[in-house]
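Enquirer: Sharing a sequence plus its predicted fold:
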Amino acid sequence: MSKVRILRLIKENGPVSRVQLQHMLGLSFPAVAAAVTELLSDGLITPAGTVSGGLGRKAELLEFNTRKGHVVGIDVGARKIRLAVANLAGNILQRAEIPTLAYEGGPRVMDRLVTLLESVLEADNISESELLAVGVGAPGISEEKTEVNLLFPFIPSWEGVPIRSTLERRFGVPVLVENDVDVAVIGERTWGAGRGCDNLVFVNVAVGAAAGIILDGKLHRGARRAAGEIGFMVVDRSLVRDSFSDQGALEDAITGPGIVRRFKARLGLEPDRPVPLPTSGPPSGPAAAPEGVQLEVADAEAVFALAGTGHRVAQEVIDETVSYLAMALSNLIAVLDPEMVVLGGGVGLALHSSAGERIVEFIARHVPFVPRIVPAKLGNDAGVFGAIAVALEKAQERLERSLASSAPARSQSCSCSASGASSGSD
């Protein structure tokens with residue numbers, strides 16, 4: 001057990017000397033020296049120079065060997081699959097992305113994910129034997145025992161895709177699957193805007209709407225791993241429904257597709273019909289310009305741009321979206337009392353940029369304590385960084401188990417679980 005404790009200390013405090021380790025642990029110097037010798041032999045730590053030890057002697061410094069292995073972080077988004085390979089310090093060595101092509105269905109998406117990981121490892125000359133763990137952020141809720149995926153609005157036939165076991169069988173390493181927004185909040189807390197916050201909410205608004213929640217420093221998943229499904233909030237009587245739908249009332253209203261749908265409905269157009277826009281002058285509706293630039297279906301960015309030019313209908317839709325989001329955030333804050341709320345996703349970032357002050361003012365009128373409302377620092381990379389973070393934790397556990405049992409790390413069997421809580425990343 002002393003080897004595990006020494007490894008942790010060196011990883012967290014290195015470079016350190018043997019004498020410093022002795023003082024930290026209260027062990028005898030021979031015991032520390034023997035454990036250090038074994039850790040050096042295993043390649044888990046490495047020399048890092050020297051420091052004056054008094055009486056003219058030099059003491060060797062030791063640090064964690066971040067090149068001992070690699071981890072992979074994967075984020076399966078609505079539009080793109082993002083993947084990154086990192087060393088054991090979390091430094092990204094290689095990254096790649098491909099279109100999700102969700103319309104092709106879950107099995108094809110999974111096949112491309114496996115092929116992408118294989119090609120990235122090969123391109124960077126990383127042997128599969130050097131891989132210690134994989135973290136995955138995926139849409140929906142992945143049941144721990146059955147691996148059945150629930151609440152996945154944008155990938156057909158995703159429910160029967162066993163993400164964890166597929167990757168474990170192919171690459172022979174532990175795989176941890178979390179919901180895409182849950183890994184995003186972990187990414188923002190580890191390296192982004194929420195760094196160091198123990199009570200943090202990450203709200204992602206893009207193709208879907210969901211929240212990742214960290215309470216008292218721990219990811220909060222809920223009884224059915226569905227905590228953070230804010231897309232099912234009802235924040236206005238106009239959103240009340242007669243029956244349940246997999247796409248929640250709030251999600252249907254404030255996401256990119258929802259914004260475009262409401263914009264077209266106000267103009268009296270069919271959902272799939274392009275909108276004729278004027279080439280100049282302040283637009284007010286289709287009658288003002290029977291010919292012109294065409295608004296692509298599901299292009300919320302264009303609605304934001306139109307609102308910025310003074311388009312009355314676009315402004316109404318964006319203002320309504322701001323109100324819906326502000327109400328949802330007020331409810332979240334009243335219940336969770338976070339230190340910070342991070343807004344992410346394409347729509348979330350656009351709303352913070354264009355109406356951040358209005359959102360804060362609304363919240364201040366409805367809750368007693370207003371947290372900081374900030375934009376995501378990692379942008380679309382929050383998910384892949386969070387996946388790396390959970391993979392690093394799994395890799396550390398694996399190394400420590402190998403030390404405790406005195407067995408090589410690669411000989412350990414895969415013992416891990418899949419979990420998730422909410423959906424809706426870009």
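Expert: Received, thanks.

Enquirer: for stretch 229-238, the distance to its chain's centre please.
Expert: Here stretch 229-238 shows a centroid-to-chain-centroid distance of 23 Å under the convention Cα atoms, centre = their mean, to the nearest Å.

Enquirer: list the buried ones in it?
Expert: Neighbour counts over stretch 229-238 (16 or more other Cβ atoms under 10 Å) mark 229-233, 235 as buried. Using the backbone N, CA and C atoms, a C-beta is placed for each residue, glycine as well.

Enquirer: Same list, the residues you listed, but as JSON lines with distance to residue 355 and secondary structure please.
Expert: Putting the buried residues of stretch 229-238 into JSON lines (distance: Cβ to Cβ, whole Å; DSSP: H, G, I helix; E, B strand; the rest coil) gives the following:
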{"residue": "229", "distance to residue 355": "24", "secondary structure": "coil"}
{"residue": "230", "distance to residue 355": "18", "secondary structure": "helix"}
{"residue": "231", "distance to residue 355": "20", "secondary structure": "helix"}
{"residue": "232", "distance to residue 355": "23", "secondary structure": "helix"}
{"residue": "233", "distance to residue 355": "19", "secondary structure": "coil"}
{"residue": "235", "distance to residue 355": "16", "secondary structure": "coil"}
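
Enquirer: Would you mind giving the domain segments of this protein?
Expert: 2-64, 70-188+381-411, 195-377 (automatic domain parsing).

Enquirer: Report the mean confidence score over the shortest one.
Expert: When you say that, I think you mean domain 2-64. For domain 2-64, mean pLDDT rounds to 87.

Enquirer: Report the distance from it to the chain centre.
Expert: 35 Å.

Enquirer: And stretch 387-397, by the same measure?
Expert: For stretch 387-397, the distance to the chain centre is 14 Å (Cα atoms, centre = their mean).

Enquirer: tell me which residues in that stretch are buried?
Expert: Under 16+ other Cβ under 10 Å, the buried positions of stretch 387-397 are 387-392, 394-397.

Enquirer: Likewise for stretch 84-104?
Expert: 84-88, 90, 94, 97, 100, 102.

Enquirer: measure it end to end?
Expert: 23 Å (Cα to Cα, to the nearest Å).

Enquirer: Residue 319 - how many residues pack around it?
Expert: If you count neighbours by other Cβ atoms under 10 Å, residue 319 ends up with 13.

Enquirer: element containing it?
Expert: Secondary structure from DSSP states H and E places residue 319 in helix 312-336.

Enquirer: Provide the strand pairings for whichever helix or strand comes after that helix, with the direction of each partner.
Expert: For helix 312-336, the succeeding helix or strand toward the C-terminus, using DSSP H and E, is strand 340-344. Take DSSP bridges as the rule and strand 340-344 pairs in its sheet with strand 200-205 (parallel), strand 372-375 (parallel).

Enquirer: Out of the ones you listed, which gets nearest to residue 383?
Expert: Minimum separation from residue 383 across the strands paired with strand 340-344 (Cβ to Cβ) falls at strand 200-205, 8.9 Å.

Enquirer: pull the CA atoms of that closest one into PDB?
Expert: Below are the C-alpha coordinates for strand 200-205, written out as PDB (Å, rounded to 0.1, in the frame of the first residue of the first chain):
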ATOM      1  CA  LEU A 200     -21.500  24.000 -10.700                       C
ATOM      2  CA  VAL A 201     -24.200  23.700 -13.400                       C
ATOM      3  CA  PHE A 202     -23.300  23.400 -17.100                       C
ATOM      4  CA  VAL A 203     -26.300  24.200 -19.300                       C
ATOM      5  CA  ASN A 204     -26.000  23.100 -22.900                       C
ATOM      6  CA  VAL A 205     -28.400  24.500 -25.500                       C
END
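
Enquirer: ok, and for whichever helix or strand comes after it, which residues are buried?
Expert: Next in sequence after strand 200-205, counting helices and strands by DSSP H and E, comes strand 209-215. By neighbour count on 16+ other Cβ under 10 Å, the buried set for strand 209-215 is 209-214.

Enquirer: mind exporting strand 209-215 as CSV, just the C-alpha atoms?
Expert: The C-alpha trace of strand 209-215 is given here as CSV (Å, rounded to 0.1, in the frame of the first residue of the first chain):
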residue,chain,number,x,y,z
ALA,A,209,-31.1,21.2,-24.1
ALA,A,210,-29.7,19.6,-20.9
ALA,A,211,-27.7,20.3,-17.8
GLY,A,212,-24.7,18.7,-16.2
ILE,A,213,-24.7,19.1,-12.4
ILE,A,214,-21.9,18.9,-9.9
LEU,A,215,-22.9,19.2,-6.2
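
Enquirer: So for the very next helix or strand once past it, mean pLDDT?
Expert: From strand 209-215 onward toward the C-terminus, using DSSP H and E, the following helix or strand is strand 218-219. Average pLDDT, strand 218-219: 96.

Enquirer: Which other helices and strands does strand 218-219 contact?
Expert: helix 180-191 (3 or more Cβ pairs under 8 Å, 6 or more residues apart in numbering; DSSP states H and E).

Enquirer: just how off-centre is the helix it packs on within its chain?
Expert: 4 Å.

Enquirer: next one: stretch 241-254
Expert: 24 Å.

Enquirer: repeat for stretch 227-239
Expert: Centroid separation for stretch 227-239 versus its chain: 22 Å, with Cα atoms, centre = their mean.

Enquirer: just stretch 207-223 next, same as before
Expert: On Cα atoms, centre = their mean, the centre of stretch 207-223 falls 11 Å from the chain's centre.

Enquirer: Can you give me the buried ones in stretch 116-124?
Expert: Within stretch 116-124, judged by 16+ other Cβ under 10 Å, the buried ones are 116-117, 120-121.

Enquirer: Could you do stretch 239-250 as well?
Expert: 247-250.

Enquirer: now do stretch 321-332
Expert: 321-332.

Enquirer: thinking again about what came up before, tell me the most buried of the domains of the chain?
Expert: Mean neighbour count (mean count of other Cβ atoms under 10 Å) peaks for domain 70-188+381-411 among the domains of the chain, with a mean of 21.

Enquirer: ok now that domain, how far from the chain's centre?
Expert: Per Cα atoms, centre = their mean, the centroid offset for domain 70-188+381-411 relative to its chain is 12 Å.

Enquirer: Name the next helix or strand downstream of the worst-scoring helix or strand of the chain on mean pLDDT, please.
Expert: Across the helices and strands of the chain, mean confidence by mean pLDDT, DSSP states H and E is lowest for strand 293-295: a mean of 47. On the C-terminal side of strand 293-295, the closest following helix or strand by DSSP H and E is helix 300-309.
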